[in-house]
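# Attaching a predicted model along with its sequence, questions to come.
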Amino acid sequence: MRKKGFFYKNSLTIVFSVLFVLAIVGQALTGWKEYNQERELDHYPSVVVSSYLTSGHFIQATFENWESEFLQMYLFVVLTVFLRQKGSSESKELSGIAEVDKEPDPKKRNVPWPVKKGGIVLTVYKYSLSLILLLLFFISCGLHFKGSLMDNNEELIRNGKPVITAFQYLGEPRFWFESFQNFQSEFLSIVAIVLLSIYFRHQGSPQSKPVDAPNMQTGE
């Protein structure tokens, strides 16, 4: 393993990070053009890209997606502790104690420092993945709400109508529609991967069972 280069050891993160950057740049440029088209229709001047990146239009569009992604990952991490799906590679086995259910052993070699520390530090560390995903969800949700409110009020101003407060906006359907349309797609994708992994394979992927595994074999 020491002979492998940095890219080989981190290629999964690097490739998806590059794809993320390309996608958000594409979103920013196309969103900027759409935003200026909307402003022109209302006889407002166009804005430069840097101004667009701080607009409610961009903030709302970005964080409504992040919000649903982090919620999906949080729920998947937490619910797979208790729930099972027979035959799915995304589920723990139906019986027995899984490796992830065992108590951490501080005597193991190269264990993370919270395991050696023990106490409250270890207790928090045991659930740190779900906690950080939940925190990222709430941060994204707050930024989504802020961006959506900003964009909504800007549209009201362009149409000569009075702006509304954050409390009033909570009673409006737009923010909730933006959230639910993303939530449903994320939940559908979980259902798809859980069920499709029962019957279909991809050789070499850790998200798939071995090609010759029985359909009803549960777990990777």
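All right, it came through fine.
# Show the secondary-structure elements that the helix-or-strand element of the chain with minimal mean pLDDT is packed against.
The helix or strand of the chain with the poorest confidence is helix 113-117; it has a mean of 91 (mean pLDDT, DSSP states H and E). Applying 3 or more Cβ pairs under 8 Å, 6 or more residues apart in numbering; DSSP states H and E, we find helix 113-117 packed against helix 119-126. All C-beta spots, glycine's among them, are computed from the backbone N, C-alpha and C.
# contacting residues around Thr62?
By Cβ atoms under 8 Å, 6 or more residues apart in numbering, the residues touching Thr62 are Ile24, Gln27, Leu143, Gly147.
# would a markdown table of those with secondary structure and neighbour count be doable?
Formatted as a markdown table, the contacts of Thr62 follow (DSSP: H, G, I helix; E, B strand; the rest coil; neighbours: other Cβ atoms under 10 Å):
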| residue | secondary structure | neighbour count |
| --- | --- | --- |
| Ile24 | helix | 14 |
| Gln27 | helix | 14 |
| Leu143 | helix | 17 |
| Gly147 | helix | 23 |
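# with the residues you listed in mind, which one is nearest to Ser51?
Nearest to Ser51 out of the contacts of Thr62 is Gly147 (Cβ to Cβ; 14.2 Å).
# follow-up on the earlier one: buried stuff in the least confident helix or strand of the chain?
Buried positions in helix 113-117, judged by neighbour count with 16 or more other Cβ atoms under 10 Å: Pro114, Val115.
# Other residues contacting it?
Residues from elsewhere that reach helix 113-117 (Cβ under 8 Å, 6+ apart): Pro104, Asp105, Pro106, Lys108, Val121, Leu122, Val124, Tyr125.
# just to revisit the earlier point, His43: which of the contacts of Thr62 is nearest?
Gly147 (23.7 Å).
# these two touch, right, that closest one and Asn65?
No: contact criterion Cβ atoms under 8 Å: Gly147 and Asn65 do not qualify, at 11.4 Å.
# Just the buried ones from the contacts of helix 113-117?
Applying 16+ other Cβ under 10 Å to the contacts of helix 113-117 flags Leu122, Tyr125 as buried.
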